[in-house]
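S.K.: need coordinates for the following:
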Amino acid sequence: MDFSEEWKSIWPISSVSTPPLLISSNPSLGPLFFNPSPNTLTPLFSKPSFSSPPHLPPSSLLHNRLHLLRCPNDAVLALFPVGANSDQVGFLLLSVKDSSLDVRADRNGEVFMTTKRLKHRIVQILATPIGYSFSGNSDSVGLVLACTMYAVHWFSVKIDKDDSKPGLIYLGGKVFKSCAVVSACWSPHLSEECLVLLQSGELFLFDLDYCCSNSNFKGNRLKIMWDNADCSEDGKWLGCEFSWHPRILIVARSDAVFLVDLRFDECSVSCLAKIGMPGVGELVHKEPLVSFSIAGSDGFHFTVASKSLLFLYDIRNPLVPLLQWSHSIDKPCYVRVFKLSELRSHSKNDKYEEASESGFCIIMGSFWKCEWRIFCYGSSFQDPKGSTAYEISKFCKSYYAWELPSDLSLLGNECFCGTCLSRKEFLKGALPVWVNWQQKKDIVVGFGILDKDLSALLYEPDSFGGFTLIRLMSSGKLESQRYCSSWDLVKKSEIAHNDFSDFKDYLYSMGDLEYEFIKKFKYFKLDYLYEYFWNADLAKLLIWNMKKPCGGPLQEPFFSVEFRDLILEKLKVCGVTRSSSVSDVFTDISIPTSIHEVAWRRLWSGLPVGLLQWAFSSYSEFLEVLMDRKQVSLEFLIVPDSPQLPPFFLRRPSCRSNKWSHKVQRDDALVGPVLPLPMLSLLQNIHETGRFDLEEANGFSFQEEVSLECKKVMKVASKMAVSESSSELHNDHAVSLDNDREETWIDSQSLKPFYLYDQQPFSIKCSRVDPKQDSGYKDERFATLIFKKRKELVDGARETRTGLEMFDELSSVELKFDAPAMNFKEKELQAYKVLKRQFLKSIRF
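M.R.: Have a look, this model is predicted:
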């Protein structure tokens, strides 16, 4: 059956047995596997200050951290982030001398780096060569763009003609205060122009010639109406690239890819690809897109990848992919297209030269996961050379996948046999759950492919050609290695197979900062915290530990009546009352309190007295924690004698820690909680239900218990408000300043006693408790505050308020002054009246 080209592309390569657009086992294509040559591994540079920060998160490895800029005189400039926070641009000059790469560093043997600190971590570096004098500097050979989270900075690259010393001159920068930077790119048509995409979808075009001449780096904000482009609100912007024209752009989102035409007065936006398209597209993909790249130098093709598929599109045939592969890469973040002639250069014979010139290779992978694959494609080589079908195929190109995708080892010293793969997985599983295996292994954080003319100066011709890879390692090493094309993929490496140092300790590399203390680290076993946050299996872990046999004799705990009374008294002062009624919790609200905090107070008040005595203690009762056979003191929160802001269980402990000494002794103040509320609530549940089996532990969830308690709090608050008032008052808070009377009050019986305040940015919204609203256990549990209204005055009460208690009328917070009682005289009363008028003008209830 003869399918059309559109229907042929429905079948993903490597996911069906015989996809129509796959050319396999065709000798005319040449070898399409690339293996590292072990004997060509060459260390170029290695310094501890060159290493990546130890706290480098996965989000910082979404972009390639190494960029190569071609320079005159057979040299290339390697650019990368450096510094303790990766906030400086570092660079090294690599030049070919005597068939080897010579590395030019500074006088001290360190990397060159810019004096300009960008104050934020660099997430992307891009460079473009220029063939003219830029901004009056005849030594300029290129431009560099460095992106941080909220800013873009530009540098000019110069090479001194006398001693060939490289340098970066800071040109300027643009800070986007309202939105983060997603991506940026240089124009392949006008080397001084670049495009910046923001998280909001805004696009800025910068002409550096104009920016430098006018010292103005504001850029030109492009007027694009995304509302007419059928964009969903949940989509995330991925990247932007220039197409075949300087004013035609390709912009990608997680749900669609758009072509933006700015050649005319009105901007035109058309859709090139979209997830969940009708017809053919409905069968193609429904997953969100995660990465995007332009394909080739013509500007007509681009690639996008979802979590499981890789697509190749042509802007001249939108909405239908030319090819698609199943890539099997976990969270791919990097994709780039190369001509096959760049990866299969410097060959001994030209038998496969035509296939190399017409073919392309897509390198896609993840720096964090260390997974890389190569996808080859090109025109059909099935027709005999010289035939009519062969000549027509040159003009009407139909792209085919050349062979199935193959693995690419960027490390160059890996063994992919079954034994080594199993050993690596076992080593990963043996690491603590809070340690990422990437921090214990030297991984590739950036790479670049050396130009084929420079590579030809380094190595002898290969049988089928190859390429030279420059890679940047997380340990601070810069290496080069030759990759050769082959008919088969090498699975077993004799050198790497016998190397058992898979996971070294790269966790505590401190960069270029001087570490002044002893490098001795101690670990706390936070398995309970991990199970609570990540696996929600706190009940199982607790029951499992409670069933473990104890090493010594068990002793019944003893608690005195005085200690119990002390706990109850202090908790009552802090707003935690012993009552079975939910409404009693509201009577202790003296400051604006979130619904979540009220629910937690309710849970604390519902704990049995026996558990409360377990939750609090004094320093004299603590046993020292033994670590490495040494005693280490721990610090806890002191329960105050009076209410404080924030509540005592939300404050940070003091910094005494293990600094207690014989001269500075700890006191016997009541401290706690020494056991967190989720643990106490679980113990209460076990005591009340009698469930002590692992199979029954799934029935308890502290999050669900808090959610239920938040709903109870909202329900009781609504009922209390209804019982106080049955009328709806919209401006019951208004006060007229035309009246000389100091207070204008409305009947207190018609007012509800509480306000619910919704914390919204740039607006103040205050509404009465509405029983129809369900503000329970969503984001409103933190954003909604409940507080009492101001005390209403009754006739004759004004004369009794002559002191500091008069301030209670102006605040929703119950004020308690640490001062003796006093009566206001005439001057104090006048100042109070002025303050009250100003307050009533500014209030917006």
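S.K.: gap between the closest residue to residue 331 other than its chain neighbours and residue 67?
M.R.: Once flanking residues are discounted, residue 331 sits nearest to residue 366: 5.5 Å by Cβ to Cβ, 6 or more residues apart in numbering. Yep, even glycine has a C-beta here, placed from its N, CA and C like the rest. Distance of residue 366 to residue 67, computed by Cβ to Cβ, to the nearest Å: 18 Å.
S.K.: cool, and residue 242?
M.R.: For residue 242, the distance to residue 67 equals 18 Å [Cβ to Cβ].
S.K.: how many neighbours does residue 601 have?
M.R.: Close neighbours of residue 601, defined as other Cβ atoms under 10 Å, add up to 24.
S.K.: touching, it and residue 585? I think so.
M.R.: Yes. Between residue 601 and residue 585 there is a contact under Cβ atoms under 8 Å: 5.6 Å.
S.K.: spit out the contact partners of the residue nearest to residue 331.
M.R.: 61, 329-334, 372 (Cβ atoms under 8 Å, 6 or more residues apart in numbering).
S.K.: again, only this time at 7 Å
M.R.: 329-334 (Cβ atoms under 7 Å, 6 or more residues apart in numbering).
S.K.: ok, now residue 438?
M.R.: Counting by Cβ under 7 Å, 6+ apart, residue 438 touches residue 368.
S.K.: for my notes, confirm it occurs in a helix.
M.R.: Yes. Residue 438 forms part of a helix when assessed by DSSP: H, G, I helix; E, B strand; the rest coil.
S.K.: how far away is the residue nearest to residue 330 when sequence neighbours are not counted from residue 213?
M.R.: On the basis of Cβ to Cβ, 6+ apart, the spatially nearest residue to residue 330 that is not a chain neighbour turns out to be residue 369, at 4.9 Å. Distance check for residue 369 against residue 213: by Cβ to Cβ, it reads 45 Å.
S.K.: out of those two, which sits in the more crowded spot?
M.R.: Neighbours around residue 369 and residue 213, counted as other Cβ under 10 Å, are more numerous at residue 369. The numbers are 16 against 11.
S.K.: now that one: which helix or strand?
M.R.: In this structure, residue 369 is located outside every helix and strand according to DSSP states H and E.
S.K.: identify the bridge partners of the residue nearest to residue 331.
M.R.: The residues paired with residue 366 through beta bridges, assigned by DSSP bridges, are residue 371.
S.K.: so for it, what's the pLDDT?
M.R.: Among the per-residue scores, residue 366 holds a pLDDT of 93.
S.K.: now swap in residue 411 and tell me
M.R.: pLDDT for residue 411: 86.
S.K.: helix, strand or coil for it?
M.R.: The assignment at residue 411 comes out as coil when based on three-state DSSP.
S.K.: thinking the residue nearest to residue 330 is in contact with residue 331, fair?
M.R.: Yes. Under the criterion of Cβ atoms under 7 Å, residue 369 lies in contact with residue 331, with a separation of 6.4 Å.
S.K.: before we move on, the earlier item: return the member of the contacts of residue 366 nearest to residue 709.
M.R.: residue 331 (37.3 Å; Cβ to Cβ).
S.K.: tally of neighbours for the closest one?
M.R.: By the criterion of other Cβ under 10 Å, residue 331 has 13 neighbours.
S.K.: quickly find the element holding it.
M.R.: For residue 331, there is no enclosing helix or strand under DSSP H and E.
S.K.: please report phi then psi for it.
M.R.: Dihedral pair for residue 331: phi 50, psi 70, per degrees, to the nearest 10.
S.K.: circling back: could you work out the most separated pair of the contacts of residue 366?
M.R.: Checking these with Cβ to Cβ, the most distant pair is 330 and 334, at 12.8 Å.
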